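Asker: the amino acid sequence is not available; the structure is as follows:
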């Protein structure tokens with residue numbers, strides 16, 4: 001009887017142990033799943049969104065460039081580094097920097113999902129240059145052709161971005177006909193963290209439409225060439241050429257007192273072709289002819305008798321002199337044409353009696369070697 005009782009106790013003990021093991025398995029694997037660090041949860045299938053299930057593209061710069069040229073806003077690339085891919089793409093295709101506005105991205109199951117935004121909704125005519133000199137030339141060409149919009153990408157200038165305003169001012173000094181007709185404009189440029197490329201958007205404004213202005217420029221250039229051929233000859237001194245220019249403009253042009261608000265009459269075109277202009281046109285045409293004659297000269301902006309005014313400074317020998325063609329072509333009470341030399345080759349001291357200007361911008365005119373008193377010695 002005792003042995004039978006011991007067997008029952010052993011059977012009860014075994015049953016209790018089995019129940020304890022089953023209870024522990026139930027608690028740790030059913031009620032508290034994943035608490036065992038050794039267990040790796042590997043699902044039988046991967047659930048993706050419809051966007052993420054599309055095949056990724058853009059693993060090469062060429063493929064990414066195709067997205068950017070198509071102005072795609074949402075696409076997936078499989079590159080390991082999106083920044084590196086963009087940097088390589090913009091290096092190979094710098095014109096695409098013009099369109100970049102910004103982006104956001106996130107990793108998906110099969111690649112990098114990109115949301116791209118653009119500065120323009122469609123392709124524009126982008127010029128690309130790799131130098132500051134090239135950039136300056138593109139701005140000058142835009143002015144010369146009276147282009148209303150310029151889109152320029154320049155590399156290698158990120159540390160010192162070119163100033164469009166400075167280039168326009170310099171064009172006025174060196175290539176006035178290219179500059180002629182320009183009245184204002186706006187410039188903006190963008191860059192990004194992936195490249196040293198700068199993307200410029202330049203808006204240029206003119207007093208008339210581009211086609212008409214291009215015609216005015218061509219006619220002005222032809223008129224200057226014709227006058228140069230007529231006035232200059234071998235063996236002439238610089239003073240003789242200056243005097244010939246002074247007299248020719250005054251004889252061919254009259255002051256447009258009734259057109260002071262019309263920008264056309266502020267151009268060299270009005271003086272050279274129409275024969276009627278205001279001070280700006282006189283001085284601009286004189287500057288073109290002085291340059292054609294090989295005379296160093298400056299177009300001067302200042303005031304005369306309290307009114308905005310323009311005239312010229314020329315270099316003769318080692319000295320500089322003021323010459324004001326407008327005031328040497330006065331308007332008489334009777335309407336007669338007059339030619340005088342009251343404002344021909346004056347010093348700063350002489351001209352300051354009724355003119356004012358920023359003397360720090362222009363050469364000092366202090367020499368008296370070729371002042372107006374020398375005119376009587378010239379035979380023409």
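Answerer: That came through, no problem. Treat the numbers as computed from the prediction; the structure is a model and nothing was measured. Numbering: from 1, shown residues only.

Asker: assign residue 198 to helix, strand or coil.
Answerer: Taking DSSP: H, G, I helix; E, B strand; the rest coil as the rule, one finds residue 198 in the strand state.

Asker: OK, contacts around it?
Answerer: Under the criterion of CB atoms under 8 Å, 6 or more residues apart in numbering, the contact partners of residue 198 comprise 97, 153, 154, 155, 157, 158, 161, 189, 190, 191. Every residue, glycine included, has its C-beta placed from N, CA and C.

Asker: do residue 134 as well
Answerer: Neighbour list for residue 134: residue 154 [criterion: CB under 8 Å, 6+ apart].

Asker: and it, what helix or strand is that in?
Answerer: Assigned by DSSP states H and E, residue 134 belongs to helix 132-144.

Asker: kindly report the same for residue 59.
Answerer: Per DSSP H and E: residue 59 is located in neither a helix nor a strand.

Asker: just give the closest residue to it, not the sequence neighbours.
Answerer: Closest residue to residue 59 apart from its sequence neighbours, by CB to CB, 6 or more residues apart in numbering: residue 78 at 5.0 Å.

Asker: burial measure for that neighbour, as a count.
Answerer: Taking other CB atoms under 10 Å as the criterion, the count of residues near residue 78 is 15.

Asker: same check, this time on residue 71
Answerer: As a burial measure, the neighbour count of residue 71 was computed by other CB under 10 Å and equals 14.

Asker: same question, residue 307
Answerer: Other residues within reach of residue 307, judged by other CB under 10 Å, total 8.

Asker: so where do the helices sit in this structure?
Answerer: Here the chain has its helices, by DSSP state H, at 2-26, 61-69, 82-92, 132-144, 164-174, 176-179, 210-231, 238-252, 268-269, 279-292, 348-351.

Asker: to residue 261, which of those helices lies closest?
Answerer: When the helices of the chain are compared by CB to CB, helix 279-292 sits nearest residue 261, at 12.6 Å.

Asker: what mean pLDDT does that closest one get?
Answerer: With pLDDT averaged residue by residue, helix 279-292 scores 98.

Asker: residues making contact with that helix?
Answerer: By CB under 8 Å, 6+ apart, the list of residues contacting helix 279-292 from outside reads 176-177, 180, 220, 224-225, 227-228, 231-232, 242, 245-246, 248-249, 253, 256, 265-272, 277, 296-300, 309-312, 314, 323, 325-326, 329.

Asker: in stretch 346-353, what's buried?
Answerer: Using 16 or more other CB atoms under 10 Å as the burial criterion, the residues of stretch 346-353 that qualify are 346, 347, 348, 350, 351.

Asker: tell me, how many residues neighbour residue 123?
Answerer: A total of 13 residues lie near residue 123 under the criterion other CB under 10 Å.

Asker: how near is it to residue 88?
Answerer: 21 Å (CB to CB, to the nearest Å).

Asker: stretch 155-174: how far from the chain's middle?
Answerer: Relative to the chain's own centre, stretch 155-174 is displaced by 8 Å; criterion: CA atoms, centre = their mean, to the nearest Å.

Asker: pop the domain breakdown of the chain in here.
Answerer: For the chain, the domain assignment from automatic domain parsing gives the residue ranges 61-118, 126-206, 211-377.

Asker: so how far does the shortest one reach from one end to the other?
Answerer: Translated: domain 61-118. Distances were taken as CA to CA, to the nearest Å; on that basis the terminal residues of domain 61-118 are 18 Å apart.
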